[in-house]
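In: Sequence below, structure please.
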Amino acid sequence: MKVLIAIDSFKGSLSSLEAGRAAERGILRAMPDAVTVVKPLADGGEGTAEALITGMGGRAQSVTVHGPIGRKITAEYGILPDGTAVMEMAAAAGLTLLHENERDIMAASTYGVGEMIGDAVSRGCREFIIGIGGSATNDGGAGCLQALGFGLLDSKGEPISRGAVGLADLAEITADNALPELRDCHFRVACDVKNPLCGENGCSRVFAPQKGAAEEDIPLMDGCLRHYAELMKGAFPQADPDREGAGAAGGMGFTLMFALGGELRSGAELVMEATAMEQAVMQVDIVVTGEGCLDGQTAMGKAPAVMAALAKKHGKPVIAFGGAVGSGAELLREKGIDACFCIQTRPCTLAEAMERENAAENLSKTAEQVFSAIKIVGSLSE
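Out: Residues are numbered from 1 along each chain as shown. A predicted model of the protein is given here:
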């Protein structure tokens, strides 16, 4: 039997590959002659870069950048063997980089993201995969452009302040001094957010409150982003603030699409494309997937459901393992997951369940039992 194992991370417990290797150990105890292939699985959010770096033999690269409120930090991204840069916006502009009392949505900037991109460009990277979840910002990606050499100027021809607050003074956007290498770069952006840039469903109204915005900040930021979008159209005529995903990551989706020519994609689909997952599915008999909690949210397009859809495209059975199997998990059968299994083997606290060694052992034992049963059924049908 040939088995493809592609499990999303068990957040706070096992990385994607740690989960995959644990399942592999159990499968091989049950079926020593099985041929197993372990691949990373992620949805474009936290852990995506790590999954791709470790799963594809890439290397980590550190760079000093300005964090969301201007403090110098060390950000890490990856460079894959083919030269593709893999990065997460949150590494340079993430909400987790700030203490709660430091959150300042008006001042927070994506400048560090531009510095990270610029560093990769200087190292010869021209292909990019960028996950844009978890940001602390709402500047429309303006800071990123500033770091890449674009001119975001006020009426006096001076650079505007970083952050959403500076957009009120924006009078002109120029590309004269932008990094010339950007013309040869291709950006694939992991993004599952469909919101437009502005309005009731825009980033200021929907997401900024989660980043510390006060109610009075929201109309001000929304107006600033409308102004920014109008000026962007002057520099980039195709710029459309109403495009799906323009409001992702505080408007970073808007800038990546229209100033840098980026393509917004489902995070899970993008990762599977990068790892040649479809080719692997075609060559196996069964697919194993999973994540920390299998429930109704999983069915809403999270990585295991996307993995199952790919497997069903090629008629492969799918088994999923989860640290928990919660409400709505029955919907997963409609999404192509044939059977779900909770890996907990005894009563325990949540902290005990999430301890790395316990989670790995439980996943391995559960996989062993499931594939032992598959082996028995197979022998009975012969």
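In: Break down the protein into its helices, ranges please.
Out: 16-30, 48-55, 90-93, 111-122, 142-147, 203-206, 217-235, 252-258, 267-274, 277-282, 303-313, 350-354, 356-380 (DSSP state H).
In: now for the ones you listed, which one comes closest to residue 191?
Out: Residue 191 sits nearest to helix 252-258 of all those, at 5.7 Å, using CB to CB. Glycine gets a C-beta too; all of them are placed from N, C-alpha and C.
In: Any stretches of the stretch 101-250 of the chain with poor pLDDT?
Out: Of all residues in the stretch 101-250 of the chain, none has pLDDT under 70.
In: chain center to stretch 141-150, what's the gap?
Out: Relative to the chain's own centre, stretch 141-150 is displaced by 21 Å; criterion: CA atoms, centre = their mean, to the nearest Å.
In: So what touches that stretch?
Out: For stretch 141-150, the external contacting residues (CB atoms under 8 Å, 6 or more residues apart in numbering) are 93, 109-115, 117-118, 137, 152, 159-160, 162-163, 166-167, 170, 173-175, 177-179, 182, 228, 249-256, 259.
In: What's the end-to-end length of that stretch?
Out: One end of stretch 141-150 to the other measures 12 Å (CA to CA, to the nearest Å).
In: same check, this time on stretch 142-155
Out: Termini of stretch 142-155 sit 17 Å apart (CA to CA).
In: Alpha carbons of stretch 199-211, in CSV - could you do that?
Out: The C-alpha trace of stretch 199-211 is given here as CSV (Å, rounded to 0.1, in the frame of the first residue of the first chain):
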residue,chain,number,x,y,z
GLY,A,199,-16.8,50.3,3.3
GLU,A,200,-18.9,48.3,5.7
ASN,A,201,-17.1,45.1,4.7
GLY,A,202,-13.7,46.7,4.3
CYS,A,203,-10.7,46.1,6.5
SER,A,204,-11.1,49.2,8.7
ARG,A,205,-14.6,48.2,9.8
VAL,A,206,-14.2,44.4,10.0
PHE,A,207,-10.7,43.7,11.0
ALA,A,208,-9.1,46.9,12.6
PRO,A,209,-11.1,46.5,15.9
GLN,A,210,-9.3,43.2,16.4
LYS,A,211,-6.0,45.0,16.2
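In: which one of the helices of the chain lies closest to residue 131?
Out: Nearest to residue 131 among the helices of the chain is helix 48-55; the distance by CB to CB comes to 4.6 Å.
In: so the closest one versus helix 303-313, what angle?
Out: 50 degrees (axes from the mean of the first three to the mean of the last three CA atoms, to 10 degrees).
In: Now helix 48-55: average pLDDT?
Out: Per-residue pLDDT over helix 48-55 has a mean of 86.
In: Need the contact partners of stretch 306-315.
Out: 6, 41, 43, 266, 268-269, 272, 277-278, 281-282, 287, 289, 317-318, 320, 332, 335-337.
In: Using PyMOL, define a selection of the buried residues within those residues.
Out: Buried residues among those (16 or more other CB atoms under 10 Å), as a PyMOL selection:
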select buried, resi 6+41+43+266+268+269+272+277+281+287+289+317+318+320+332+335+336+337
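In: if we can go back for a sec, can you convert the helices of the chain into a markdown table and add a column each for distance to residue 62?
Out: A markdown table is the format used below for those (distance: least, CB to CB, whole Å):
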| stretch | distance to residue 62 |
| --- | --- |
| helix 16-30 | 21 |
| helix 48-55 | 12 |
| helix 90-93 | 10 |
| helix 111-122 | 9 |
| helix 142-147 | 17 |
| helix 203-206 | 29 |
| helix 217-235 | 31 |
| helix 252-258 | 22 |
| helix 267-274 | 22 |
| helix 277-282 | 28 |
| helix 303-313 | 27 |
| helix 350-354 | 28 |
| helix 356-380 | 24 |
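In: Which one of the ones you listed lies nearest to residue 99?
Out: With CB to CB as the criterion, residue 99 lies closest to helix 90-93 of the helices of the chain, at 15.3 Å.
In: For PyMOL, what selects the buried ones among the contacts of stretch 141-150?
Out: With 16+ other CB under 10 Å as the criterion, this PyMOL line picks the buried residues out of the contacts of stretch 141-150:
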select buried, resi 93+109+110+111+112+113+114+115+117+118+137+152+160+162+163+166+167+170+173+175+178+179+182+228+249+250+251+252+253+254+255+256+259
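In: before we move on, the earlier item: and the helices of the chain: which comes nearest residue 2?
Out: Here helix 277-282 is closest among the helices of the chain (CB to CB), at 9.7 Å.
In: what's the burial count for residue 345?
Out: Residues lying near residue 345 (other CB atoms under 10 Å) number 14.
In: My error: substitute residue 99 in the last question.
Out: For residue 99, the count of nearby residues is 7 (other CB under 10 Å).
In: domain ranges for this structure?
Out: For the chain, the structural domains run 2-39+276-380, 48-267, going by automatic domain parsing.
In: Can you tell me the closest non-neighbouring residue to residue 138?
Out: residue 250 (3.8 Å; CB to CB, 6 or more residues apart in numbering).
In: same check, this time on residue 248
Out: If the residues on either side of it in the chain are set aside, residue 248 comes closest to residue 193, at 3.9 Å by CB to CB, 6+ apart.
In: close enough to count as contact, the one you found and residue 246?
Out: No - counting by CB atoms under 8 Å, residue 193 does not reach residue 246; the two are 9.3 Å apart.
In: what sits in contact with each of these two?
Out: Common neighbours of residue 193 and residue 246, using CB under 8 Å, 6+ apart, are residue 253.
In: So for the two, which sits in the more crowded spot?
Out: Taking other CB under 10 Å, residue 193 and residue 246 do not tie; residue 246 has more neighbours (30 against 17).
In: Tell me how far that one lies from residue 36.
Out: Using CB to CB, to the nearest Å, residue 246 is found at 42 Å from residue 36.
In: and what of residue 263?
Out: Using CB to CB, residue 263 is found at 33 Å from residue 36.
In: More neighbours: which of those two?
Out: Shown here are residue 263 and residue 36; by other CB under 10 Å, residue 36 has more neighbours (19 against 12).
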